[in-house]
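[1] Fold the stuff below for me.
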Amino acid sequence: MKSRRHFLKGSLITAAALSLNPLQSLAALGMGSKTAKAIGPLVLSTWRFGIQANEAAWQVLGAGGTALDAVEKGVRLVEADPTERSVGYGGRPDRDGRVTLDACLMDHQANIGSVASLEHIKHPISVARAVLEKTPHVLLVGDGALQFALDQGFPKENLLTPESEAEWREWLKTSRYEPIVNIENHDTIGMLALDAAGNLSGACTTSGMAYKMHGRVGDSPLIGAGLFVDNEVGAATATGHGEEVIRVVGSHLVVELMRQGKSPQVACQEAVERILHKFKIRGADLKTAQIGFIALNKQGQYGGFALKPGFNFAVHDPKGNRLQDANALLPW
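    Take a look at the predicted model:
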C-alpha cells in the first residue's frame, strides 16, 4: 500500500505536469503520443489501385525501410501505369490537351516537397522528393518545376497516351465539364505509411480533374489540404473534389481531430461533415461532388470516410493486403 507521502508526491507531480500546455503535460505524465508504442509497419492508400501500390511499398517496409521510401515507391507504380487515367503517365489532360501533374510528400520530421502543374515528367512524386532534399523551398510550379526536374536528370516525356488523347478529342465536341462521381473525380492516389521504427510519412500524386482549366491546381500538392503528417499524432490524405478539401484544409483538419483524441475513422467522418456543412452554406450543387479521406495514427489505427458511396482504400499490414469500402455520409 502506498504511503501518504508517496500519494502526495504523485499528486504534486501530476499537478505540475498539468500546469504545462496539453502536449507537454501528457508527455510529462508518460501519456503523450511520443511515448505511446507505435505498431508498424502498415501502409494505407486510396482506391483500388492502392492494392498494387501497397505491394510495392511493403517491399520497403517489410525489409525495415523508411516510411518515406515506401510511400514514394508505392505511388510511383501508379504514376507509371498508362491504364490509370487519373495519375501520372496516361492521366487525362486539361481542356487544352496538356497533361499536368501535381504531387507532394511529407516525412516524420515535417520535411516537405511539392510540385504543381508539372508537364512532361512521369514521376512527379520523385521530383517532389528532390524539392524536399535539394532545395530550400517546399513547392515548385509549372515551367520552374519542369526546369528543376530536367536539371535533376529526370527525362522529358510525352505523357498524353493515345487513349487519353482520343477521349479528350471526343470531349472537345461538346466541351462540357461534367465530372462523374468516382470516375473522373477519383483523381488521386494518396498513401500513408508507418514504418517499423514508428515513423510516419505520406505521399499524394495526381493528374487532377479531367479537362480542367489549364493551370488549375487542386488539393493534392498542397500540404495541409491533400496531405498532412504529424509524427506525434498521425497522418491523413484526401481524394476527390480538391476545391472542397482546400476550403477546410482537410487533411490537417483530420490530423488535428486525431490530436484531440478522435479515432482516425471518426476524424475522417467529421472532416467530411465539415465539408458538407460548407456546401450547404454556399448552396453548392452536390451532384458531381465526391470527397474521401483516409487516416492513420501513431498507434497503427486507421480509417476512411467519404461524402458518397463508392470510395475504397487499401490496407497492408503483417496480416496481408486488402481493399476496404469506406462508409459514406450521404446515400448518393
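[2] Sketch out the helices for this protein, chain order is fine.
    Remark: helices assigned in the chain by DSSP state H are 4-18, 22-28, 50-61, 67-79, 124-134, 142-151, 162-171, 242-247, 250-259, 264-282.
[3] Kindly reformat these as JSON lines containing mean pLDDT and mean neighbour count.
    Yep, even glycine has a C-beta here, placed from its N, CA and C like the rest. Output for the helices of the chain, formatted as JSON lines (pLDDT from 0 to 100; neighbours: other CB atoms under 10 Å):
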{"stretch": "helix 4-18", "mean pLDDT": "39", "mean neighbour count": "11"}
{"stretch": "helix 22-28", "mean pLDDT": "35", "mean neighbour count": "15"}
{"stretch": "helix 50-61", "mean pLDDT": "98", "mean neighbour count": "23"}
{"stretch": "helix 67-79", "mean pLDDT": "98", "mean neighbour count": "27"}
{"stretch": "helix 124-134", "mean pLDDT": "98", "mean neighbour count": "22"}
{"stretch": "helix 142-151", "mean pLDDT": "98", "mean neighbour count": "17"}
{"stretch": "helix 162-171", "mean pLDDT": "95", "mean neighbour count": "14"}
{"stretch": "helix 242-247", "mean pLDDT": "96", "mean neighbour count": "22"}
{"stretch": "helix 250-259", "mean pLDDT": "98", "mean neighbour count": "25"}
{"stretch": "helix 264-282", "mean pLDDT": "97", "mean neighbour count": "19"}
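[4] The ones you listed into TSV, with extra columns for distance to residue 193?
    Below are the helices of the chain laid out as TSV (distance: least, CB to CB, whole Å):
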stretch	distance to residue 193
helix 4-18	32
helix 22-28	24
helix 50-61	6
helix 67-79	4
helix 124-134	13
helix 142-151	24
helix 162-171	29
helix 242-247	21
helix 250-259	15
helix 264-282	14
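[5] looking at the ones you listed, which is closest to residue 201?
    helix 67-79 (3.7 Å; CB to CB).
[6] other SSEs contacting the closest one?
    strand 42-46, helix 50-61, strand 101-106, helix 124-134, strand 189-194, strand 200-206 (3 or more CB pairs under 8 Å, 6 or more residues apart in numbering; DSSP states H and E).
[7] Switch the ones you listed over to JSON lines; also include distance to residue 175.
    Formatted as JSON lines, these follow (distance: least, CB to CB, whole Å):
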{"stretch": "strand 42-46", "distance to residue 175": "29"}
{"stretch": "helix 50-61", "distance to residue 175": "32"}
{"stretch": "strand 101-106", "distance to residue 175": "22"}
{"stretch": "helix 124-134", "distance to residue 175": "27"}
{"stretch": "strand 189-194", "distance to residue 175": "28"}
{"stretch": "strand 200-206", "distance to residue 175": "22"}
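[8] Can you tell me which of the ones you listed is nearest to residue 292?
    Across these, closest to residue 292 is strand 42-46 (CB to CB), at 6.7 Å.
[9] for the closest one, packing partners?
    helix 50-61, helix 67-79, strand 189-194, strand 291-297, strand 302-306, strand 312-317.
[10] swap the cut-off to 7 Å and go again
    Applying 3 or more CB pairs under 7 Å, 6 or more residues apart in numbering; DSSP states H and E, we find strand 42-46 packed against helix 50-61, helix 67-79, strand 189-194, strand 291-297, strand 312-317.
[11] contact partners of the first one?
    Spelled out, it's helix 50-61. With CB atoms under 7 Å, 6 or more residues apart in numbering as the test, helix 50-61 has contacts from 41, 43, 45, 69-71, 73-75, 77-78, 189, 191, 193, 195, 313-314, 316, 321, 323.
[12] which one of the helices of the chain lies closest to residue 116?
    That would be helix 142-151 among the helices of the chain, by CB to CB, at 7.0 Å.
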